[in-house]
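S.K.: The sequence and its predicted three-dimensional model are supplied below.
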Amino acid sequence: MAADHLPITKFEDKIMETVKANPVVVIIGETGSGKSTQLSQILHRRGYTRSGSIAVTQPRRVAAVSVARRVALELGVRLGDEVGYSIRFEDQSSEKTRIKYLTDGCLLREILSNPELNQYSVIILDEAHERSLNTDILLGLMKRLVKMRSSNLKVLITSATLDGVKVSRFFSDCPILNVPGTLFPVEKLYSAKRPASYLESSLQTALDIHIREPPGDVLIFMTGQDDIEKMVAKLEERIGHLEEGSCLDAIVYPLHGSLPPEAQVLVFSPAPPNCRRFIVATNIAETSLTIDGIVYVIDCGYVKQRQYNPTTGIYSLDTVQISRVQADQRAGRAGRTRPGKCYRLYPSSVYLEELLDATVPEILRSSLAGCVLYLKSLDLTDIDILRFDFLDPPSDDSLEDALRQLYLIDAIDENGLITDIGRKMAELPLDPSLSRTLIEANELGCLSQALTVAAMLSVETTFLHNRRKDKDKKRKQPVSDLPNGSGWGDHIQLLQIYENWAEVGYDRNWLIDNDLQVRSMKFAKDIRKQLCQIMQKIAKGAVDVQSNHRHKESRLQYHGLRKALCQGYGNLLAERMIHHNGYRTLGHRSQLVQVHPSSVLESDEDGRLPDYVVYHELVATSRPFMRNVCAVEMAWVMPILKKLEKLDINKLSGGMRANKVPEFNGNPQTESSKNEAPESVMEPDNHDSKIQAARERYLARKGKK
DNA sequence: GAGCACTGC
C-alpha cells in the first residue's frame, strides 16, 4: 500500500515549497506519476486540511470513485469518513471528510449554493488537459476565486500533457512543475503516405504484428461502431486463414460505448495462454478505459467529434483528424507494462505539421445556453458575463446564440438580465429548454408528465431497435407494440413508454421484450427522482408530481404537456412549408429542415404534418433533421414569435457588439486536398465555414504564443 | 425515409 515508489513522492518538498509561495500552481504529471492519488495526500500531510478540506475534480464518475477508494485504502480510513467522493446520485462524504473527489459537474453545482467554496482550502482540477466544458468553466471561476480568497485558497491544476505555458499565462504566469511518469518508451512507426483505406491498412498492420512480432496485445483505434464491426469480422476471417501453428492463437474484441456493459467487461478478462488479444476500439480506450497488457497500438489518426454551429443551430458528427495530444495519448497506451510500439497510419509530416497541438476544447464546439445561464445565475457582479475570462474564449456568434435562446425561453430579460424563471432553471441539471418546460408544466398541472419526458430525453439512447439490420425492409409495421405518442410526436412517445414500464412495476423483462436499454431506463428513473426533489425545493409550494389521470380525454390530447413543451422549446420552433412536409425553423436565422424519419409524428388524413412543431435538436447527417419533435398549436407559438420580433441582440448582450475586437481573418489551413480522408471516413469536418472559422481562430491564438 | 465518438449535472 506504500506509495513511496511513485515519482511524485520524490517531489514532495519542491511541490510544497511552490504551493506555499503561490496561490496557483500547474503540475504536469505524466501517466503513472501518481498525481491523482498522491497530491491530495501530500497536502493533507502538510497541514492543508486543518482550515478546510481538499476538493479534487475528475471529468468522469468512475475515476472519482476509484481514486477516492484508492486514497482511503492508502490512508487506512473508511470511505466516506476522512476520504470521500461525490458524484451525481451518490454522495459518499460527511462532516469528517478532508479529501473529497468529485466530478467537475458536481463542483459546479456546489458553487451554486456556496459561490466562494469556503469549505475548501485547496481545489485541485485534475485531468485539465481534457478540457471538458465543465473544467473550462471551473478554470475561469478559479481565476476569480483566487483573487477573492488569496489568503486562504490554493488552486492546483494538474494534467498529463496540457500546454502548461498557456494555463500558466492564464493564471498570471504561475509556476509550472513537471513530474515524470513511469511510462515505458513507445517506438512510433509512421506510414509513408496516408492509406487509401485506413480500414485495410489497419487490418494489414494488425496481421503483420501478429505474424512477426513477439507476444503482446494489440489495441486498434477506429472511429466508430460500423468500422469496428467490419474490422472485427475481417480480422477474425484473415487470422482464421493463417497456417495453423504458424503463430499464436488470437482473439478479437470490439470495444465501444454502445456495447452492453457485459460485452465491455470482456476486454478486462485475461487472455488464454498462448493467445494474442486484439482490441478494436473507439477513443473510449484513449482515456475512459485502461486495458492492461497492450504492447502494440494502431492509430488511424481520426476521431468522430460532435460540433455545434451557433449560426444555424445544427449539430453534426464529423470525422476529424486527431490532435497531437490525442496521438500521444493513444501511443502511451502501448507503454504501460513494458516498452511498446505505435503504428501511426499517417506520415510523420502529418503528425508534425497538420495535426492540431490539442483537441479543440469542448467549449468551442458546444451550444452555450446552459453555460451562460449558469454563469448568469452566479451574479458575478464585477464583470460582464460576455467577457468572462475563459482559457479559450468562445466566439461572439456562439455567445449571442446562447443569449437569444435564453431570452426566447424567458431565462433572461430583454436587457440580458437573469429572470426569476432563469434562476429556477439554473438549479435544474437539464438543458435550458427542458428546465423551462418543467417550470411551465408545474403551472399547467402536468409536472409529473414533464418530469418523465425530461428524464427520458436526458438519457437519449433508450431504443435498441432500428439498429437491427433487418433485411426485410418492406415491413413497415413497428417491430414491437410500443406506444406511438398518439401521433403527437416523440416526446409523448417517450412519456408513454416510461408510463407503460411504470405500470408493470418497472419490470426489467418488459424492457428486454421491448428492445429497450435496461441501463438507460434505470438511469432515467434516477434522474426523474432527482428532478422531482429539486422541483419540490425550488417551487416552494406544493408540487403535483403524481400522474394526472383525471380526464381520459385530456390525457390523450396531452394538451397541457404540449403547451409546456412549446413554452420550454420556444427557441426550437419550426413551421411547416405550405406545399409540402418540409419545415423552416423560426429562429434568428431560418433553416430548412425535415422531421427525422425515425420520428413517430403523424400526418393528418391529407398527409399533412402539423403546422407547428418544437424539436429537441437539429442534427445534420445527409441533411438537417429535427430529432425528437412534438406537435404544438399555432395559438401557443404566436406570443413567442412576437418576442422574437422584439429581440435586440445589442440590448441582450449589453453592448457587446459595439466594443467588439476585430476578429481574426487569416486563413492558415484552408488547403484541404491533402486532408482528404480515405474511404469510409467522411471529409474531415469543415464543409462548414463557421466551424472552420472557429478552428482557425483557435489555431491563430495558439500560434501567437 | 435514415444510421449514433465520448463525457457530465
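M.R.: That came through fine. Numbers count the residues shown, from 1 in each chain, chains lettered A, B, ... in the order given.
S.K.: Doesn't A:Ser316 belong to a strand?
M.R.: Yes: counting by DSSP: H, G, I helix; E, B strand; the rest coil, A:Ser316 is part of a strand.
S.K.: ok, A:Glu127 - contacts?
M.R.: A:Ser36, A:Gln58, A:Pro59, A:Ala63, A:Thr135, A:Thr158, A:Ser159, A:Ala160, A:Thr287 (Cβ atoms under 8 Å, 6 or more residues apart in numbering). (Glycine included, C-beta is placed from N, CA and C.)
S.K.: Next, count neighbours for A:Ser150.
M.R.: Counted with other Cβ atoms under 10 Å, the neighbours of A:Ser150 add up to 9.
S.K.: my guess is A:Asn581 is in a strand, correct?
M.R.: No: counting by three-state DSSP, A:Asn581 falls outside a strand, being coil.
S.K.: And the residue of the stretch 501-650 of chain A found nearest DNA strand B, how close does it get to A:Tyr315?
M.R.: Nearest residue of the stretch 501-650 of chain A to DNA strand B, counting by Cβ to the nearest atom of the strand: A:Thr621, 2.1 Å away. Applying Cβ to Cβ, to the nearest Å, one obtains 10 Å for the distance of A:Thr621 from A:Tyr315.
S.K.: Next: A:Asp420.
M.R.: 30 Å.
S.K.: more neighbours, the two?
M.R.: The neighbour comparison of A:Asp420 against A:Tyr315 (other Cβ under 10 Å) goes to A:Tyr315, with 18 against 10.
S.K.: Okay, and the beta partners of that one?
M.R.: A:Tyr308, A:Val619 (DSSP bridges).
S.K.: related to what we said a few turns ago, now for the residue of the stretch 501-650 of chain A closest to DNA strand B: which residues touch it?
M.R.: A:Thr621 neighbours (Cβ under 8 Å, 6+ apart): A:Ser316, A:Leu317.
S.K.: List of residues touching the helix or strand hosting A:Met638?
M.R.: Using DSSP states H and E, A:Met638 maps to helix A:634-646. Residues from elsewhere that reach helix A:634-646 (Cβ under 8 Å, 6+ apart): A:407-408, A:414, A:563, A:566-567, A:570, A:573, A:575, A:586-587, A:611-612.
S.K.: Then stretch A:91-110?
M.R.: Counting by Cβ under 8 Å, 6+ apart, A:40-41, A:44, A:49, A:53-61, A:64-65, A:67-68, A:71, A:79-88, A:117, A:123, A:125, A:132, A:134-135, A:137-138, A:374, A:429 sit against stretch A:91-110.
S.K.: Kindly identify which of those also come near DNA strand B.
M.R.: Under the cut-off given by Cβ under 7 Å from any atom of the strand, DNA strand B has A:Pro59, A:Arg60, A:Arg61, A:Ile87, A:Arg88, A:Ser132, A:Asn134, A:Pro429 from these close to it.
S.K.: Remind me which helix or strand the single nearest residue of the stretch 401-550 of chain A relative to DNA strand B belongs to.
M.R.: Of all residues in the stretch 401-550 of chain A, A:Pro429 sits closest to DNA strand B, at 3.0 Å by Cβ to the nearest atom of the strand. Using DSSP H and E, no element contains A:Pro429; it sits outside every helix and strand.
S.K.: where's it relative to A:Tyr407, distance?
M.R.: 22 Å.
S.K.: surely A:Ser202 meets A:Lys230?
M.R.: No: between A:Ser202 and A:Lys230 there is no contact under Cβ atoms under 8 Å: 10.3 Å.
S.K.: Is the residue nearest to A:Cys342 when sequence neighbours are not counted in a helix, a strand, or coil?
M.R.: Excluding the flanking residues, the one nearest A:Cys342 by Cβ to Cβ, 6 or more residues apart in numbering is A:Ala331, at 3.9 Å. Here A:Ala331 is recorded as helix under three-state DSSP.
S.K.: Give me the neighbour count for A:Ala331.
M.R.: Counted with other Cβ under 10 Å, A:Ala331 comes out at 20.
S.K.: With A:Arg212 instead?
M.R.: With other Cβ under 10 Å as criterion, A:Arg212 counts 8.
S.K.: measure it to A:Pro59 for me?
M.R.: Here A:Arg212 is placed at a distance of 38 Å from A:Pro59 (Cβ to Cβ).
S.K.: thinking again about what came up before, between A:Ser202 and A:Lys230, which one's more packed in?
M.R.: Taking other Cβ under 10 Å, A:Ser202 and A:Lys230 do not tie; A:Ser202 has more neighbours (25 against 15).
S.K.: Helix or strand next in line after the helix or strand harbouring the more buried one, which one?
M.R.: Assigned by DSSP H and E, A:Ser202 belongs to helix A:198-212. Next along the chain after helix A:198-212, taking DSSP H and E as the criterion, comes strand A:217-221.
S.K.: So what's the model's average confidence on the next helix or strand after that following strand?
M.R.: As assigned by DSSP H and E, the chain's next helix or strand after strand A:217-221 is helix A:225-240. For helix A:225-240, mean pLDDT is 91.
S.K.: Now do helix A:225-240: everything it contacts.
M.R.: A:199, A:202-203, A:206-207, A:210, A:220, A:222, A:250, A:252-256, A:258, A:278, A:280-282, A:680.
S.K.: List the buried residues in stretch A:299-306.
M.R.: A:Asp299, A:Cys300, A:Gly301, A:Tyr302, A:Val303, A:Lys304, A:Gln305 (16 or more other Cβ atoms under 10 Å).
S.K.: Can you say which of those residues are also within reach of DNA strand B?
M.R.: Among those, DNA strand B is touched by A:Val303, A:Lys304, A:Gln305 when using Cβ under 7 Å from any atom of the strand.
S.K.: quick one: the second one from A:Thr103, how far?
M.R.: Pointing back at A:Lys304 there. Taking Cβ to Cβ, one finds A:Lys304 at 23 Å from A:Thr103.
S.K.: just the last one next, same as before
M.R.: Here the criterion is Cβ to Cβ. By it, A:Gln305 lies 22 Å from A:Thr103.
S.K.: Intersect the contacts of helix A:225-240 with the contacts of DNA strand B.
M.R.: Among the contacts of helix A:225-240, the ones lying near DNA strand B by Cβ under 7 Å from any atom of the strand are A:His256, A:Ser258, A:Thr282.
S.K.: what's the lowest-pLDDT member of these?
M.R.: A:Ser258 (81).
S.K.: Please report how far A:Lys529 lies from A:Ala450.
M.R.: 15 Å.
S.K.: Equivalent analysis for A:Tyr48, please.
M.R.: Applying Cβ to Cβ to A:Tyr48 and A:Ala450 gives a distance of 45 Å.
S.K.: which one of these two has more residues nearby?
M.R.: Using other Cβ under 10 Å as the criterion, A:Tyr48 and A:Ala450 rank with A:Ala450 on top: 27 against 21.
S.K.: Near the closest residue to A:Cys300 other than its chain neighbours, how many other residues are there?
M.R.: Nearest residue to A:Cys300, sequence neighbours excluded (Cβ to Cβ, 6+ apart): A:Tyr198, at 4.3 Å. Burial of A:Tyr198 is recorded as 27 neighbouring residues (other Cβ under 10 Å).
S.K.: A:Gln321 is in contact with A:Tyr198, correct?
M.R.: No: judged on Cβ under 8 Å, A:Tyr198 makes no contact with A:Gln321 at a distance of 11.6 Å.
S.K.: Now do the shared contacts for those two.
M.R.: Counting by Cβ under 8 Å, 6+ apart, the residues touching both A:Tyr198 and A:Gln321 are A:Gly301, A:Tyr302.
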